[in-house]
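Visitor: what follows is a predicted structure for the sequence shown.
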Amino acid sequence: MAKPLVVVSAPLPQDLREQLAAQTEIIDVPTGQAIVQTLGAEQARQVQGILCTVRSKIDRDLLAAMPALRVVSNFAVGFDNVDIPAMNEHGVLMCNTPKVLDGAVADLTFGLILCLARNLVAGDAFVRSGAWTKGAFPLAHDIRGKTLGLLGMGRIGREVARIAHAFDMPVIYHNRRQDSEAEASGLASYRERDALFAESDVLSIHIPLDPQTRHSIGARELGLMKPTAYLINTARGAVVDEAALIAALQAGRLAGAGLDVMETEPLPPESLLCAMPNVVLQAHIGSATVETRRAMIDLAAHNLMDALAGKKPVAMVNPDIWERRQA
């Protein structure tokens, strides 16, 4: 019996490649390269599985060109690269990698907060340049006692809230659904959306990118914030209207921003954000640790193998497709 044909467009360690090769026939497509155009029509029609990153666009055209496709496994927790309604219409299972990266993203969130409040990036440059020999570094700000606002209270948001308590930061949040367990345990207190922006000394974003959330944080929301407040984004760049954020920073309506994600990635060096001393930038590295990335690719690869073998994957975005197949 012929092995199912799968496309791998994500970095795959050798041990996982050997496991996958024992069960499937692998076609490698460079990360971010258009899959169907790389394969050709006949080969595309035979593909049953895809292991990819968020740089691979999974849309109606791809699904139409791959009638045998059964599962797409994203090497990411986010799936804004995938047309989920189209996947459901074609009966294709969508898998991702939740939970395993929560701690790493939460840690980076607090790294950005500390860099902004304590001005650590400038402090490093101050020492390296020799400026310390000429005088003291300017005073920075405490975060203890400051209010942390979380827009989104999913797994990562809850992890950030737990870290915040170690810094004696009161935590407030807004979510589409209130988290009664978090409130009962004292982890965070609910606020209406506008109140969250107005009350937060640090506003950290933890919502997915979809048509409803794209540019949902714009001039109006930023205008509600304190001029002493910081905005942190480790979610997706396009949930923030970047032009409105730049305008708020330039006008002094916001004290600073810590961004691991931007609307355009990689961020071009001519971006105004790159010239702002009150902005800390990272290269979308929320999950970029050796340990976390290994856990992510392990889960992504096993989601793919399990789905093709008729075994229920650990993480599914559209589990109704799986249930429909079993029925």
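Guide: Here it is on my side, so go on. Numbering: from 1, shown residues only.

Visitor: okay, CA-based contacts and neighbour counts for the rest of this
Guide: OK.

Visitor: pairing partners for the helix or strand Ala257 falls within, with directions?
Guide: Using DSSP states H and E, Ala257 sits in strand 256-259. Strands that pair with strand 256-259, judged by DSSP bridges, come out as strand 230-233 (parallel), strand 279-281 (parallel).

Visitor: of these, flag the one that's most buried.
Guide: By mean neighbour count, with neighbours taken as mean count of other C-alpha atoms under 10 Å, strand 230-233 ranks first of the strands paired with strand 256-259 at a mean of 24.

Visitor: buried sites along the helix or strand following that strand?
Guide: For strand 230-233, the following helix or strand on the C-terminal side (DSSP H and E) is helix 242-250. Under the neighbour-count criterion of 16 or more other C-alpha atoms under 10 Å, helix 242-250 has Glu242, Ala244, Leu245, Ile246, Ala248, Leu249, Gln250 buried.

Visitor: what helices and strands are in contact with the longest helix seen in the chain?
Guide: Across the chain, the longest stretch assigned as helix under DSSP state H is helix 290-308. Contact partners of helix 290-308 among helices and strands, from 3 or more C-alpha pairs under 8 Å, 6 or more residues apart in numbering; DSSP states H and E: helix 14-23, strand 47-52, strand 71-74, strand 93-95.

Visitor: what lies in contact with the third one?
Guide: When contacts are taken as C-alpha atoms under 8 Å, 6 or more residues apart in numbering, the neighbours of strand 71-74 outside the stretch itself are 48-54, 92-97, 300-301, 303-304, 307-308.

Visitor: which among the residues you listed count as buried?
Guide: Listed as buried from those are 48-54, 92-97, 300-301, 303-304, 307-308; burial here means 16+ other C-alpha under 10 Å.

Visitor: relative to Ala22, which of the buried residues of helix 242-250 is nearest.
Guide: Distance to Ala22 across the buried residues of helix 242-250 (C-alpha to C-alpha) is lowest for Glu242, with 46.0 Å.

Visitor: dump the residue contacts of the closest one.
Guide: With contacts defined as C-alpha under 8 Å, 6+ apart, the neighbours of Glu242 are Gly218, Met262, Glu263.

Visitor: all helices for the stretch 151-300 of the chain, in order.
Guide: Using DSSP state H, counting those that start in this stretch, the helices assigned to the stretch 151-300 of the chain run over residues 155-166, 180-184, 193-199, 219-224, 242-250, 290-308.

Visitor: state the distance from the nearest residue to Ser56 once chain neighbours are set aside to Ala65.
Guide: In this structure, Ser56 finds its nearest non-sequential neighbour in Gly32, 5.1 Å apart by C-alpha to C-alpha, 6 or more residues apart in numbering. Distance of Gly32 to Ala65, given as C-alpha to C-alpha, to the nearest Å: 18 Å.

Visitor: these two: which has the busier surroundings?
Guide: A count of neighbours by other C-alpha atoms under 10 Å puts Ala65 above the other of Gly32 and Ala65, at 18 against 14.

Visitor: I'd say the residue nearest to Ser56 and Pro11 touch.
Guide: No - shown here, Gly32 and Pro11 do not form a contact pair, counting by C-alpha atoms under 8 Å, at 11.3 Å.

Visitor: how distant is the longest helix of the chain from the center of its chain?
Guide: Distance, stretch centre to chain centre, for helix 290-308: 17 Å (C-alpha atoms, centre = their mean, to the nearest Å).

Visitor: quick one, what contacts Gly149?
Guide: Counted by C-alpha under 8 Å, 6+ apart, Gly149 has contacts Val171, Ile172, Tyr173, His174, Leu196, Phe197, Glu199, Ser200, Asp201, Val202, Leu203, Ser204.

Visitor: need the residues you listed in TSV (columns: neighbour count).
Guide: Formatted as TSV, the contacts of Gly149 follow (neighbours: other C-alpha atoms under 10 Å):
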residue	neighbour count
Val171	23
Ile172	24
Tyr173	30
His174	22
Leu196	23
Phe197	27
Glu199	19
Ser200	25
Asp201	23
Val202	27
Leu203	25
Ser204	27
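
Visitor: those residues: which two are farthest apart?
Guide: So, the contacts of Gly149 by C-alpha to C-alpha: farthest apart are His174 and Asp201, at 14.7 Å.

Visitor: quick one, phi/psi of Pro13?
Guide: Dihedral pair for Pro13: phi -60, psi 150, per degrees, to the nearest 10.

Visitor: ah, wrong one, I meant Ala235
Guide: phi -100, psi -90.

Visitor: ok, it touching Asp210?
Guide: No - Ala235 is not in contact with Asp210 according to C-alpha under 8 Å; the separation is 11.7 Å.

Visitor: quick one: which of these two has more around it?
Guide: Of the pair Ala235 and Asp210, Ala235 is the one with more neighbours under other C-alpha under 10 Å, namely 25 against 15.

Visitor: OK, contacts around the more buried one?
Guide: Ile205, His206, Ile207, Pro208, Leu209, Asp260, Val261.

Visitor: now the strands paired with strand 256-259 as JSON lines including distance to Leu114 and mean pLDDT?
Guide: Converted to JSON lines, these look like this (distance: least, C-alpha to C-alpha, whole Å; pLDDT from 0 to 100):
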{"stretch": "strand 230-233", "distance to Leu114": "11", "mean pLDDT": "98"}
{"stretch": "strand 279-281", "distance to Leu114": "10", "mean pLDDT": "98"}
